[in-house]
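**Q** Sharing a sequence plus its predicted fold:
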Amino acid sequence: MSHCPICQRELTEADAQIASRTHCDQAQASLWKAQTNGSYADYNRAVFGFDEALKLNDRNETAREELRKTKKRYAEMALHKGDLELGLAVANPIDPDHASVIAMLRVAQHERDTRSKLLEMAKRGALAATVVFVVGVSVAMVLINAQKESAMAREHQALITTEQARDEALRARQAEQLARQQLAEALAKP
């Protein structure tokens with residue numbers, strides 16, 4: 001091991017550059033896999049790898065550029081899958097290259113929220129319609145039952161009136177027969 005501080009620093013920087021390139025290569029492989037299978041886990045590994053490469057060597061412009069592109073692709077995949085909040089969390093709002101995907105994510109969020117509100121209003125409308133229908137049917141049933149009871153009462157009254165009329169007609173015939181019989185008896189008496 002060298003005791004020269006300058007040599008030691010140069011060796012440490014060289015090791016960091018090698019480790020940074022290794023992380024960059026591994027992140028590139030994860031990115032390729034993520035783009036092939038759409039896996040968030042692979043996108044996370046790619047972002048982490050490029051980020052680690054930059055921590056080891058902040059002059060690694062390849063890692064910096066690939067990190068920017070990876071985050072944008074990750075946000076685009078989240079948009080494609082409908083994970084809008086994830087996409088907005090991954091995209092970098094100060095990166096002009098990310099502006100278009102951020103705008104699309106916000107538009108999709110607005111459309112989703114609008115659909116959600118419309119669905120909620122439709123549910124409320126359906127509930128209100130159901131309540132009106134149930135109340136309407138209940139009122140109709142009460143009115144129908146009242147009409148039925150009224151009709152049955154009128155029918156019952158008509159039956160009673162018919163019976164009374166028959167009874168009176170029978171009594172009238174009986175009274176007429178009695179009167180004829182009495183008249184016949186009175187005429188038969190000398």
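**A** In hand now; what should we look at?

**Q** Check the spacing between Leu86 and Ala75 real quick.
**A** Applying CB to CB, to the nearest Å, the value for Leu86 to Ala75 is 8 Å. No exception for glycine: its C-beta is placed from N, CA and C like everyone else's.

**Q** In terms of neighbours, single out the busier of those two.
**A** Of the pair Leu86 and Ala75, Ala75 is the one with more neighbours under other CB atoms under 10 Å, namely 25 against 18.

**Q** Contact partners for the more buried one?
**A** Remark: with contacts taken as CB atoms under 8 Å, 6 or more residues apart in numbering, Ala75 is in contact with 87-88, 90-91, 98, 101-102, 105.

**Q** If we use 6 Å, what do you get?
**A** The contact partners of Ala75, by CB atoms under 6 Å, 6 or more residues apart in numbering, come to 87, 90-91, 101.

**Q** Buried residues, the helix or strand where Lys71 lies. List them.
**A** The secondary structure element spanning Lys71 is helix 61-81 (assigned by DSSP states H and E). Residues of helix 61-81 classed as buried: 63, 66-67, 70-79 (neighbour count, 16 or more other CB atoms under 10 Å).

**Q** Leu67 touches Glu52, doesn't it?
**A** No: between Leu67 and Glu52 there is no contact, the gap being 10.1 Å when judged by CB atoms under 6 Å.

**Q** what bits of the chain have low per-residue confidence?
**A** Segments of the chain classed as low confidence (criterion: pLDDT under 70) are 1-12, 190.

**Q** ok so, going back, for Ala128, state which of the contacts of Ala75 is nearest.
**A** Distance to Ala128, by CB to CB, is smallest for Gly87 among these, at 36.3 Å.

**Q** helix/strand/coil for that closest one?
**A** When the structure is reduced to helix, strand and coil (DSSP: H, G, I helix; E, B strand; the rest coil), Gly87 reads as helix.

**Q** How about it, nearest residue that isn't a chain neighbour?
**A** Closest residue to Gly87 apart from its sequence neighbours, by CB to CB, 6 or more residues apart in numbering: Ala78 at 3.4 Å.

**Q** and if you look at Leu79?
**A** Take Leu79 and drop its neighbours on the chain: the residue closest to it by CB to CB, 6+ apart is Gly87, 4.9 Å away.

**Q** how far away is that neighbour from Lys81?
**A** For Gly87, the distance to Lys81 under the criterion CB to CB works out to 9 Å.

**Q** Now do the strands in the chain.
**A** Taking DSSP state E to define them, one finds no strands in the chain.
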